[in-house]
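S.K.: have a look at this fold, sequence not included:
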């Protein structure tokens, strides 16, 4: 399970079997996180979007290292990203919404 705190710049990944200890914390964001979406075809991939116009795609390792996790893909939009959705029908595509626009990103 993934969660974000209000006005926070990190995504917290939890294992619901042990919810008091985070599995990973994704902390590469420079502004508040607005949206997260799991990849429909993979339990290891998640996309997060934030106020600083960036969408980050993460691949979660089996065990997080001491230096944290870096995103493997970064996309910069024209303004802060408000929403995103990973397509279940076409898992190679992510839709992001910002300003008065929507864009489709091919992963």
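M.R.: Now that the structure is in, tell me what you want to look at. What you see is a predicted model; the values in this text were computed from it and never measured.
S.K.: which element is the residue nearest the centre of the chain on?
M.R.: Among the residues of the chain, the one closest to the centroid is residue 48, at 2.0 Å (Cα atoms, centre = their mean). For residue 48, the host element (DSSP states H and E) is strand 45-50.
S.K.: which strands or helices does that strand pack on?
M.R.: Counting contacts by 3 or more Cβ pairs under 8 Å, 6 or more residues apart in numbering; DSSP states H and E, strand 45-50 is packed against strand 11-14, strand 33-38, strand 54-59, strand 81-86. All C-beta spots, glycine's among them, are computed from the backbone N, C-alpha and C.
S.K.: what bridges to the residue nearest to the centre of the chain?
M.R.: Per DSSP bridges, the residues bridged to residue 48 are residue 36, residue 56.
S.K.: which positions within the lowest-mean-pLDDT helix or strand in the chain qualify as buried?
M.R.: Lowest by mean pLDDT, DSSP states H and E among the helices and strands of the chain is strand 22-26, with a mean of 86. Neighbour-count burial for strand 22-26, counted by 16 or more other Cβ atoms under 10 Å, picks out 22, 23, 24, 26.
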